[in-house]
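**Q** what follows is a predicted protein model with its sequence.
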Amino acid sequence: MSASSDSPRGCPVAHHGAELARLYGPEAATDPAGIYERLRKEHGSVAPVLLEGEVPAWLVLGYRDARRVLDNPRQFTRDARIWRDWRDGLVEETSPLIPMLGWRPDCVSQDGEPHRRLRAAVTDGLRAAAGRGVRRHATHYANRQIDAFVDAGRADLVGDYAEYLPMLVLSRILGLPEAEGRDLVESCAQVLGGGEDAVTHDARIQEILARLVERKRSEPGGDLATALLEHHAGLDEDEIVSHLRLVLIAAHTTTSNLLARVLQLVLTETSRLAGLISGQLNVSEVVEEVMWDSPPLAVLPGRFAASDLELGGHRIQEGDLLVLGLAAGNLDPEIRPDTGGPVHGNQAHLAFSSGPHECPGQNIGQAVIQTAVDVLLHRLPGLRLAVPPEDLSSTASTWESRLDSLPVEFGV
């Protein structure tokens, strides 16, 4: 599964004769951390890998190299139109990589002034939405979700809580009816999970959001769709739909994943649970710890080399694809030699990216998570894991590692 140690240190295409590590498939689904560790030993802070469809890329494993890539859009652009393998027809439009890597008329796909114009519209819209009661919405939907299972005395806090709560709050922010929001949970998961249905589900998301934009033209409201329609930046319909899609997929998947991991840590480390209940520990401190050790996106797509350069001792060629190992970077022994040690108050993690494209909605996601944990602990006395901690399992795709389930019991 790994590249041979004597393979050429140049463009990842040059490694096709060797057996490259794959960021997809059975091993990657069950032991992504093992792959990252092996690649770091064999290649250093940057390693050649294959993505779905045998598409070559560079995986950035080192923290400092990741920051260099993220903070320098002139060297490492987000504009996929310079992606050489795509330009050369080696990546089909039906590839499951396209929903995550392909160019779109949104701020994530642009740099410079076009990026600033579009990002300002999204930032202004999210700020207005956050001012209309994110915590209030999160409290309402958290109680609604808990009401559905509280009488049973047991639940799966992934499937019954973490998967749906962020989407319900996001539906209010975007302006979607609740039923459509619930229905989109599966589509968002499919886009992040890759596979043959990723493109189909991505098209379905865009279709639903296009209908939302059309409704909001005649029925404006206090939501992000209306804010983008009315913003002075003058976004066209494709730009509006693309940004609603971006917020929906990115915010839901990262928030639901992070919430599940926070609950996992709280329930497997009893000292943290006791600290939260007694008030000696804040939820934000637990969230910070999880963002270091289990970031909601393990691998961030993607950047493209704007010219020939060197990174991590490798020759990177113009048009090469780079994907950022956020989980690997956060555990880089060069910056965390005491991996597993305390990180309280240290917000220098890569979980929300960095540089011009740093996540603009992270405060909303953290507000949802803090509220969700607070409501849960208040509503469910005696909350405890229903299985041994070692029985909890995760399944990874190229981009994320998700907790499969979190069975709990509590007093009724």
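**A** Sure, I can see it. Numbers count the residues shown, from 1 in each chain.

**Q** which element, helix or strand, includes residue 180?
**A** Under the criterion of DSSP states H and E, residue 180 resides in helix 178-193.

**Q** average pLDDT across that helix?
**A** The average pLDDT for helix 178-193 rounds to 91.

**Q** ok now it, how far from the chain's centre?
**A** When distances are taken as CA atoms, centre = their mean, to the nearest Å, helix 178-193 is centred 14 Å away from the chain's centroid.

**Q** which other residues reach it?
**A** Outside helix 178-193, the residues within contact range by CB atoms under 8 Å, 6 or more residues apart in numbering are 99-100, 163-164, 167-168, 170-171, 174, 176, 197-198, 200-202, 204-205, 208, 212, 248-249, 252-253, 397, 399-400. C-beta: built from backbone N, CA, C; applies to glycine.

**Q** which of these are buried? Put it as a PyMOL command.
**A** Selection of buried members from the contacts of helix 178-193 for PyMOL, criterion 16 or more other CB atoms under 10 Å:
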select buried, resi 99+100+163+164+167+168+170+171+174+176+198+201+202+204+205+208+212+248+249+252+253+397+399+400
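
**Q** just the ones of the contacts of helix 178-193 in strands?
**A** Taking DSSP state E, every one of the contacts of helix 178-193 sits outside strands.

**Q** is it true that residue 404 touches residue 396?
**A** No - with contact defined as CB atoms under 8 Å, residue 404 does not reach residue 396; the gap is 10.6 Å.

**Q** picking that back up, list the buried ones in the helix holding residue 180?
**A** 181, 184, 185, 187, 188, 189, 190, 191, 192, 193.

**Q** now those in CSV, with distance to residue 116?
**A** As requested, those are exported to CSV (distance: CB to CB, whole Å):
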residue, distance to residue 116
181, 30
184, 29
185, 32
187, 30
188, 27
189, 32
190, 32
191, 26
192, 27
193, 32
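
**Q** neighbour-wise, which of residue 404 and residue 396 wins?
**A** residue 396 (22 against 12; other CB atoms under 10 Å).

**Q** and that one, what pLDDT?
**A** 94.

**Q** burial count for residue 215?
**A** Residue 215 has 16 neighbours, counted by other CB under 10 Å.

**Q** cool, and residue 384?
**A** 12.

**Q** likewise for residue 236?
**A** 9.

**Q** tell me which element the residue nearest to it when sequence neighbours are not counted falls in.
**A** Residue nearest to residue 236 in three dimensions, not counting chain neighbours: residue 105, with 7.7 Å by CB to CB, 6 or more residues apart in numbering. For residue 105, there is no enclosing helix or strand under DSSP H and E.

**Q** I figured residue 105 was touching residue 245, is that so?
**A** No - if you go by CB under 8 Å, residue 105 and residue 245 don't touch, sitting 10.7 Å apart.

**Q** neighbour count winner among these two?
**A** residue 245 (22 against 17).

**Q** in the longest helix belonging to the chain, which residues are buried?
**A** Identified as the longest helix of the chain according to DSSP state H is helix 237-268. Across helix 237-268, burial judged by 16+ other CB under 10 Å covers 239-267.

**Q** strands of the stretch 301-412 of the chain, start to end?
**A** Along the stretch 301-412 of the chain, the segments classed as strands by DSSP state E, counting those that start in this stretch run 309-311, 314-316, 321-325, 384-385, 394-396, 401-403, 407-409.

**Q** any chance of the ones you listed in TSV, with distance to residue 286 too?
**A** Shown next, in TSV, are those (distance: least, CB to CB, whole Å):
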stretch	distance to residue 286
strand 309-311	34
strand 314-316	37
strand 321-325	23
strand 384-385	16
strand 394-396	18
strand 401-403	15
strand 407-409	16
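
**Q** of all the ones you listed, which one is nearest residue 218?
**A** strand 401-403 (38.3 Å; CB to CB).

**Q** what sits up against the closest one?
**A** Residues contacting strand 401-403 (CB under 8 Å, 6+ apart): 32, 158, 257, 260-261, 264, 294, 298, 327, 392-396.

**Q** chain center to stretch 328-339, what's the gap?
**A** With CA atoms, centre = their mean as the basis, stretch 328-339 stands 20 Å off its chain's centre.

**Q** what does stretch 238-257 give?
**A** On CA atoms, centre = their mean, the centre of stretch 238-257 falls 10 Å from that of its chain.

**Q** use 24 as the first number for this chain going forward.
**A** Understood, numbering begins at 24; the last thing we discussed is stretch 261-280.

**Q** average pLDDT for that stretch?
**A** 94.

**Q** repeat for stretch 402-411
**A** 95.

**Q** quick one: contacts of that stretch?
**A** So stretch 402-411 is in contact with 166, 169, 173, 177, 290-291, 296, 399-400, 429-434, going by CB under 8 Å, 6+ apart.

**Q** narrow these to just the buried residues.
**A** Using 16+ other CB under 10 Å, the buried ones in the contacts of stretch 402-411 are 169, 290, 296, 399, 400, 429, 430, 431, 432, 433.

**Q** TSV please, covering these and showing distance to residue 252.
**A** Formatted as TSV, the buried ones among the contacts of stretch 402-411 follow (distance: CB to CB, whole Å):
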residue	distance to residue 252
169	35
290	42
296	44
399	36
400	39
429	39
430	43
431	42
432	47
433	44
